[in-house]
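Colleague: missing the sequence, but the structure's below:
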């Protein structure tokens, strides 16, 4: 999953917390890729993150999950949700944190995001209102 980051406020640094909250704390949405065929116990806690365009590598950094393993975080989330009386259903998308933080990637180009042995995801972000970059959290 790529979390698309960006808000509507031209000056987010001076916006109040209620204003940022009303703007979903700069979360524009999620780009959901294919399901990874991997048993939860085999999901790595770290892997290399790469971003390429036209065969050129733009970004390469280690992807590490902060703190405990992501499956443990998911189990905690499920436990918390069940205590509130809410139910999770098959097909819901849950995000538990970032492996690489926020990255600025170019717009209007085909990009390939690599996730080590887990595979890759090809996307292209468009700029309807101008701008040169899209921020994503991986």
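Modeller: Arrived safely. Every value quoted in this text rests on a predicted model; they were computed, and no experiment measured them. Residues are numbered from 1 along each chain as shown.
Colleague: in the longest helix seen in the chain, what counts as buried?
Modeller: Counting residues, the longest helix found in the chain (DSSP state H) is helix 70-83. Going by neighbour count (16 or more other CB atoms under 10 Å), the buried part of helix 70-83 is 70-71, 73-74. Any C-beta I mention is one placed from the backbone N, CA and C, and that applies to glycine too.
Colleague: For the next helix or strand after that helix, which helices and strands make contact with it?
Modeller: Under the assignment DSSP states H and E, the closest C-terminal helix or strand after helix 70-83 is strand 102-106. The helices and strands touching strand 102-106, judged by 3 or more CB pairs under 8 Å, 6 or more residues apart in numbering; DSSP states H and E, are strand 46-53, strand 56-64, strand 133-137.
Colleague: Just the pLDDT for the most far-flung residue of the chain relative to its centre.
Modeller: Going by CA atoms, centre = their mean, the residue of the chain most distant from its centre is residue 85, 27.2 Å out. Turning to residue 85, the model gives it a pLDDT of 88.
Colleague: which residues does the closest residue to residue 119 other than its chain neighbours contact?
Modeller: Spatial nearest neighbour of residue 119, chain neighbours left out: residue 36 (6.6 Å); criterion: CB to CB, 6 or more residues apart in numbering. By CB atoms under 8 Å, 6 or more residues apart in numbering, the contact set of residue 36 is 43, 118-119.
Colleague: ok, so what distance separates residue 36 from residue 16?
Modeller: 39 Å (CB to CB, to the nearest Å).
Colleague: ditto for residue 51
Modeller: 33 Å.
Colleague: Hmm, residue 110 is touching residue 121, no?
Modeller: No: Residue 110 lies out of contact with residue 121 (CB atoms under 8 Å); the separation is 11.3 Å.
Colleague: who has more neighbours, these two?
Modeller: residue 121 (17 against 11; other CB atoms under 10 Å).
Colleague: quick one, what contacts that one?
Modeller: 2, 31, 33-34, 112-113, 115 are the contacts of residue 121 under CB under 8 Å, 6+ apart.
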